[in-house]
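> 3D model of this:
(one chain, ligands or ions: 1)
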Amino acid sequence: MNSYDCVIIGGGIAGLTSALYAARGGLKTLVIESTQYGGQIVNSLDVENYPGFLSISGYDLISNIKEQVKKYNVEFLEEEVTDLKKNKVITNQREIEFKTAIIASGLKRRTLGLEDDYIGKGVSYCATCDGAFFKNKKVAVVGGGNTALEDVLYLSNIASTVYLIHRRDTFRADASVISKITKKDNVEFVLNKQIKSINGDGVLESITLDDDTVLNLDGLFIAIGFSSEVNYLHDLIELDEDGFIKSDNTCTNIPNIFVAGDVRTKEVRQLITAASDGAIAATNCINYININS
Ligand code: NAP
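Next comes the predicted model:
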């Protein structure tokens with residue numbers, strides 16, 4: 001069985017920053033990622049709030065960080081973690097021992113619960129991936145956070161009409177992106193409304209809102225945020241009532257296991273706070289090993 005000083009579960013900004021600090025601190029370090037390095041931010045075309053960059057795409061930012069991490073002999077493994085024990089992580093293919101671990105597995109995309117039959121048939125979760133299919137067509141984006149509003153901005157340059165459907169009349173998104181959208185004359189705000197059903201004969205044709213209004217659409221982009229998915233922890237680590245990992249700073253209830261990024265209880269879920277967590281969690285790992293070896 002392979003053995004590491006520090007195993008990091010998740011290759012988003014929290015996980016990669018953890019790896020950078022752990023490896024630079026001399027720890028033999030492994031990052032395990034099951035899907036896509038970078039997590040949610042890779043779909044963001046324009047990040048304007050990460051210090052040091054006036055504007056950078058999420059993909060480029062993550063690529064830069066990954067290049068930086070690779071300079072320090074960090075190992076990477078693309079497998080799914082199925083179980084975590086106090087000194088061992090189990091993936092779908094192997095068991096790996098560790099002295100310390102950092103859980104940085106991010107969040108899982110939320111769904112409306114209505115869209116299963118229409119995914120890839122008019123319904124998408126990624127405007128930058130699928131937007132080009134809707135040139136001069138009518139689309140809607142549902143959500144009120146930065147992802148939804150950035151999607152609206154992106155799609156407004158492609159589609160003929162973009163409806164922004166949000167369940168409230170105020171947004172979580174930054175004022176700067178809201179202000180850009182209000183200047184677009186092909187964006188229509190549909191506020192204080194929820195989607196009741198998605199309709200079509202095999203392919204999306206329309207949606208029905210909760211006031212029974214029907215909107216004819218070619219595309220629907222769902223951007224309603226993320227929630228934690230930490231089934232692999234079973235009962236090892238304490239979660240809060242919302243399913244996030246309880247943490248005091250980046251410490252969990254297990255002394256050699258730390259947590260970084262969006263998966264932990266915290267007030268501000270941003271790239272910069274995920275990176276900050278990564279630095280703190282890795283430093284905690286280094287300190288733990290120094291004290292206990
Ligand atoms: P978010 O900020 O959590 O927003 C999710 C939105 O979806 C909220 O407006 C929420 O409404 C709505 N929503 C949730 N469940 C819903 C449901 N069942 N039906 C209808 N609407 C629902 O998620 P996000 O926009 O994906 O952003 C996630 C994080 O990444 C945030 O911290 C964000 O700032 C960050 N981010 C940053 C950038 C950037 O800096 N360029 C880009 C993208 C994302 P309520 O408001 O009513 O709860």
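> K99 contacts L30, doesn't it?
No - assessed by Cβ atoms under 8 Å, K99 is found out of contact with L30, at 11.6 Å. The way it works is simple: take the backbone N, C-alpha and C, and place the C-beta from them, glycine included.
> near the residue in the chain that the ligand sits nearest to, how many other residues are there?
Nearest residue of the chain to the ligand: G145, at 2.2 Å (Cβ to the nearest ligand atom). Neighbour count of G145, defined by other Cβ atoms under 10 Å: 18.
> report pLDDT for the closest residue in space to it that isn't next to it in sequence.
Nearest in space to G145, with sequence neighbours left out and distances taken as Cβ to Cβ, 6 or more residues apart in numbering, is R172 at 4.4 Å. pLDDT, R172: 95.
> residue contacts, R172?
Residues near R172 by Cβ atoms under 8 Å, 6 or more residues apart in numbering: G144, G145, N146.
> adding secondary structure and distance to S160, write those out as JSON lines.
Formatted as JSON lines, the contacts of R172 follow (DSSP: H, G, I helix; E, B strand; the rest coil; distance: Cβ to Cβ, whole Å):
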{"residue": "G144", "secondary structure": "coil", "distance to S160": "23"}
{"residue": "G145", "secondary structure": "coil", "distance to S160": "24"}
{"residue": "N146", "secondary structure": "helix", "distance to S160": "24"}
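> could those go into JSON lines alongside distance to V263?
Output for the contacts of R172, formatted as JSON lines (distance: Cβ to Cβ, whole Å):
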{"residue": "G144", "distance to V263": "22"}
{"residue": "G145", "distance to V263": "18"}
{"residue": "N146", "distance to V263": "19"}
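> what secondary structure does the spatially most central residue of the chain sit in?
Centroid check for the chain by Cα atoms, centre = their mean gives Q40 as the closest residue, at 3.2 Å. What DSSP: H, G, I helix; E, B strand; the rest coil gives for Q40 is helix.
> end to end, how far does stretch 153-162 reach?
Length of stretch 153-162, first residue to last, Cα to Cα, to the nearest Å: 9 Å.
> contacting residues around it?
Contacts for stretch 153-162 (Cβ under 8 Å, 6+ apart): 45, 127-128, 131-132, 134-141, 152, 177, 180-181, 184, 186-188, 218-219, 221.
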